[in-house]
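Student: Give me the fold of what follows.
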Amino acid sequence: QVQLQESGPGLVKPSQTLSLTCTVSGGSITTNYYWSWIRQPPGKGLEWVGNIVYSDITYYSPSLKSRASISRDTSKNQFTLQLSSVTPEDTAVYYCARLSLNEDDYWGQGTQVTVSS
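Tutor: The predicted structure is shown next:
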């Protein structure tokens, strides 16, 4: 059973960089899935942030591409999200997930990140 767990600071100040880590167990992040970050701002729907695939190629939402960076540490079976120059509009619950076109998806429980001074 694949399990994903998000970790990182719950409070980030405006203009700083948000950094979150997803630790994966029960499966390798080098396998052929979309290892993804998704967020949900308060009162809004889910928003895809980006993902990294087995070949280490990354894809980003066009609206976040200039500020987002996803990387991975295969030795720790983790992948990370960095989002620079955050504003209060980046306040959201952030989820990491393993997404697939033809298999079950797996999600972490989510972590609240608030951007505030």
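
Student: where along the protein do the strands fall?
Tutor: Here the chain has its strands, by DSSP state E, at 3-7, 11-12, 18-25, 34-40, 47-52, 58-60, 68-73, 78-83, 92-99, 106-107, 111-115.

Student: Could you export these as JSON lines, including mean neighbour count and mean pLDDT?
Tutor: In this view, the C-beta of every residue, glycine as well, is placed from N, C-alpha and C. Output for the strands of the chain, formatted as JSON lines (neighbours: other CB atoms under 10 Å; pLDDT from 0 to 100):
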{"stretch": "strand 3-7", "mean neighbour count": "17", "mean pLDDT": "98"}
{"stretch": "strand 11-12", "mean neighbour count": "16", "mean pLDDT": "98"}
{"stretch": "strand 18-25", "mean neighbour count": "19", "mean pLDDT": "98"}
{"stretch": "strand 34-40", "mean neighbour count": "22", "mean pLDDT": "98"}
{"stretch": "strand 47-52", "mean neighbour count": "20", "mean pLDDT": "98"}
{"stretch": "strand 58-60", "mean neighbour count": "16", "mean pLDDT": "97"}
{"stretch": "strand 68-73", "mean neighbour count": "17", "mean pLDDT": "97"}
{"stretch": "strand 78-83", "mean neighbour count": "21", "mean pLDDT": "98"}
{"stretch": "strand 92-99", "mean neighbour count": "22", "mean pLDDT": "98"}
{"stretch": "strand 106-107", "mean neighbour count": "17", "mean pLDDT": "98"}
{"stretch": "strand 111-115", "mean neighbour count": "17", "mean pLDDT": "98"}
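
Student: how close does residue 74 sit to residue 30?
Tutor: 6 Å (CB to CB, to the nearest Å).

Student: more crowded one of the two?
Tutor: Set residue 74 next to residue 30 and count neighbours by other CB atoms under 10 Å: residue 30 wins out with 14 against 11.

Student: show me the contacts for that one.
Tutor: Contact analysis of residue 30 by CB atoms under 8 Å, 6 or more residues apart in numbering lists 54, 74.

Student: Need the phi and psi values for it.
Tutor: When read as degrees, to the nearest 10, the backbone of residue 30 gives phi -90, psi 0.

Student: The closest residue to residue 50 other than its chain neighbours: what's it in contact with?
Tutor: Take residue 50 and drop its neighbours on the chain: the residue closest to it by CB to CB, 6 or more residues apart in numbering is residue 60, 3.9 Å away. Counting by CB under 8 Å, 6+ apart, residue 60 makes contact with 49, 50, 68, 70.
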